[in-house]
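A.B. asks: Below are the sequence and a predicted model; questions follow.
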Amino acid sequence: MLAYGGICGSVTYAYGVFLPSMSETFGWSRSSLSVPYTLFVVIGGILSPLAGFTIVRFGARKNIIFCNIFAALGLLGMSRVDELWHVYLFFGFMGGLGIAFAEYLPLTTIINNWFIRRRSFAMGLLFTSGGIAGFVFPPLIGWLISCVGWRASWILLAFVHVLLAVILAGAFIRNTPEELGQIPDGSAENIWLDRLTFLSTKQVYSTPVDWTLGEALHAPVLWMLIVLFSVILFVLMLLTTHQVAYLQDLNYSPITAASALGLMLGVSIIGRIVCGILGMRFEGRYLAAIFLACMCLGVLSLMNARGIVFVYLYSILTGIGFGGIIVLLPNMIGAYFGRTHYSRISGWTIPVVTLAGAVSPVMAGFFYDATGTYLMPFGISAALLFVCVFAALRLRPPVK
């Protein structure tokens, strides 16, 4: 949770808050500043198969420690940029390596190694840390920029990142329960949790056998999951990159615009925890349809955000929907395909998802530069989410 929250708050969710200030300082267009973020996302995705290999070879803990140090050096470099290619190097390349090797894949692998029966609840808690970081960091960064400027703010973020994702996380993380002589889920029964989630009355599907990478790639449901979460990442990357700038265009103050992003990510905590609890009782495909519908309604609210009420409505609906859906992907892959080959299976799905999602920041910047509005990219996002609501209902467990 420390590692995931650290990298989400100081890297992933931070860039969009810096975008307007850096654009104003250098006179760079928003589309040109969106490309480094796209590079960041692409590198974080296409290197995931290699990250999966290093996790098997060296363990997830080493990935998290050493690659988060590398990402922190990239944040320090962002404080010294003078040319656009500097942003490509420090954020796009160095930050992308941090995401690929130190964030989603190694952290969900650790959760999948430690938990089986309560996997969804553990995943919900892991991703809750990202929601907390998203709630705290964007408005804090906006305040820091207004006080000390954007260059000093990058430096402060680098030190915070090292503290959370390297020092503290490295002190607590262990790759598997077997390293401590334990077994997945531990040995004690959490009776209060069983009663809370009604586990005694219903169990959700969990594969009785472990699938290999080759077998999983031949399962249609895996490719359906890939398509579904490609759309999620498409929408998420668009919002985190351009939402602050969009609201400022509507004459909201920079702090209000950044706070709306923070509120959305903060409210996502509710979706993450609720999904983690309900995921132990209800099948993932039904929960996915509900959370996708929330995201769709949230984007429609953002498109009509002429009043502050619609801004709050967007933050709440999108936050709950995004928070729930982000927990479902690793949980469903673990439930459908098992524990042994989880990192390799996930590692080979992430590049496809990432490349699809990487299109949105550049596309949104292009449409804005061409038309002066974000109506087209937001409309495309809402339409894709609407279709995915019905597609999610077809995500049935595979048969080996």
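C.D. replies: Cool, got the structure.
A.B. asks: Please enumerate the helices of the stretch 151-300 of the chain.
C.D. replies: 169-172, 191-197, 213-217, 220-249, 254-278, 284-303 (DSSP state H, counting those that start in this stretch).
A.B. asks: so which of those comes closest to Pro36?
C.D. replies: Checking the helices of the stretch 151-300 of the chain against Pro36 by Cβ to Cβ gives helix 220-249 as the closest, at 10.2 Å. For every residue, glycine as well, the C-beta is placed using N, CA and C.
A.B. asks: other SSEs contacting that closest one?
C.D. replies: On a contact count with 3 or more Cβ pairs under 8 Å, 6 or more residues apart in numbering; DSSP states H and E, helix 220-249 meets helix 15-26, helix 30-46, helix 254-278, helix 284-303, helix 308-337, helix 342-371, helix 375-392.
A.B. asks: Could you dump those into a markdown table and include distance to Gly170, mean neighbour count and mean pLDDT?
C.D. replies: Converted to a markdown table, those look like this (distance: least, Cβ to Cβ, whole Å; neighbours: other Cβ atoms under 10 Å; pLDDT from 0 to 100):
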| stretch | distance to Gly170 | mean neighbour count | mean pLDDT |
| --- | --- | --- | --- |
| helix 15-26 | 25 | 19 | 84 |
| helix 30-46 | 20 | 23 | 82 |
| helix 254-278 | 24 | 23 | 81 |
| helix 284-303 | 32 | 22 | 91 |
| helix 308-337 | 22 | 24 | 87 |
| helix 342-371 | 19 | 21 | 82 |
| helix 375-392 | 37 | 18 | 91 |
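A.B. asks: contacting residues around the residue nearest to Leu217 when sequence neighbours are not counted?
C.D. replies: Using Cβ to Cβ, 6 or more residues apart in numbering and skipping residues adjacent in sequence, the residue nearest Leu217 is Trp348, 7.0 Å away. Listed by Cβ atoms under 8 Å, 6 or more residues apart in numbering, the contact partners of Trp348 are 48-49, 52, 213, 217.
A.B. asks: how about the helices and strands packed on helix 220-249 in JSON lines, adding distance to Phe229?
C.D. replies: Shown next, in JSON lines, are those (distance: least, Cβ to Cβ, whole Å):
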{"stretch": "helix 15-26", "distance to Phe229": "21"}
{"stretch": "helix 30-46", "distance to Phe229": "11"}
{"stretch": "helix 254-278", "distance to Phe229": "14"}
{"stretch": "helix 284-303", "distance to Phe229": "10"}
{"stretch": "helix 308-337", "distance to Phe229": "5"}
{"stretch": "helix 342-371", "distance to Phe229": "5"}
{"stretch": "helix 375-392", "distance to Phe229": "9"}
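A.B. asks: which stretch among these comes nearest Asn63?
C.D. replies: helix 342-371 (10.1 Å).
A.B. asks: State the distance from the residue nearest to Gly134 when sequence neighbours are not counted to Leu228.
C.D. replies: Once flanking residues are discounted, Gly134 sits nearest to Leu265: 2.2 Å by Cβ to Cβ, 6+ apart. Plainly put, Leu265 is 21 Å away from Leu228 if you go by Cβ to Cβ, to the nearest Å.
A.B. asks: how about the contacts of Trp348 in JSON lines, adding pLDDT, distance to Leu89 and neighbour count?
C.D. replies: Output for the contacts of Trp348, formatted as JSON lines (pLDDT from 0 to 100; distance: Cβ to Cβ, whole Å; neighbours: other Cβ atoms under 10 Å):
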{"residue": "Ser48", "pLDDT": "84", "distance to Leu89": "21", "neighbour count": "26"}
{"residue": "Pro49", "pLDDT": "84", "distance to Leu89": "23", "neighbour count": "19"}
{"residue": "Gly52", "pLDDT": "84", "distance to Leu89": "25", "neighbour count": "26"}
{"residue": "Leu213", "pLDDT": "84", "distance to Leu89": "33", "neighbour count": "17"}
{"residue": "Leu217", "pLDDT": "88", "distance to Leu89": "34", "neighbour count": "13"}
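A.B. asks: Including distance to Leu393, could those residues go into CSV?
C.D. replies: Shown next, in CSV, are those (distance: Cβ to Cβ, whole Å):
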residue, distance to Leu393
Ser48, 28
Pro49, 30
Gly52, 29
Leu213, 27
Leu217, 23
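A.B. asks: I'd assumed Tyr13 was in contact with Phe137.
C.D. replies: Yes. With contact defined as Cβ atoms under 8 Å, Phe137 and Tyr13 form a contacting pair (5.8 Å).
A.B. asks: In terms of neighbours, single out the busier of the two.
C.D. replies: Neighbours were counted for Phe137 and for Tyr13 using other Cβ atoms under 10 Å; Phe137 has more, 27 against 24.
A.B. asks: which residues touch the more buried one?
C.D. replies: Counting by Cβ under 8 Å, 6+ apart, Phe137 touches 8-10, 13-14, 262.
A.B. asks: And the residues you listed, which is closest to Gly131?
C.D. replies: Cys8 (8.4 Å).
A.B. asks: Just the pLDDT at the closest one, thanks.
C.D. replies: Here the pLDDT value assigned to Cys8 is 90.
A.B. asks: The closest residue in space to it that isn't next to it in sequence and Met303: what is the separation?
C.D. replies: The spatially closest residue to Cys8, leaving aside those adjacent along the chain, is Gly130, at 4.1 Å (Cβ to Cβ, 6+ apart). The gap separating Gly130 from Met303 is 25 Å, by Cβ to Cβ.
A.B. asks: I am finished for the moment; much appreciated.
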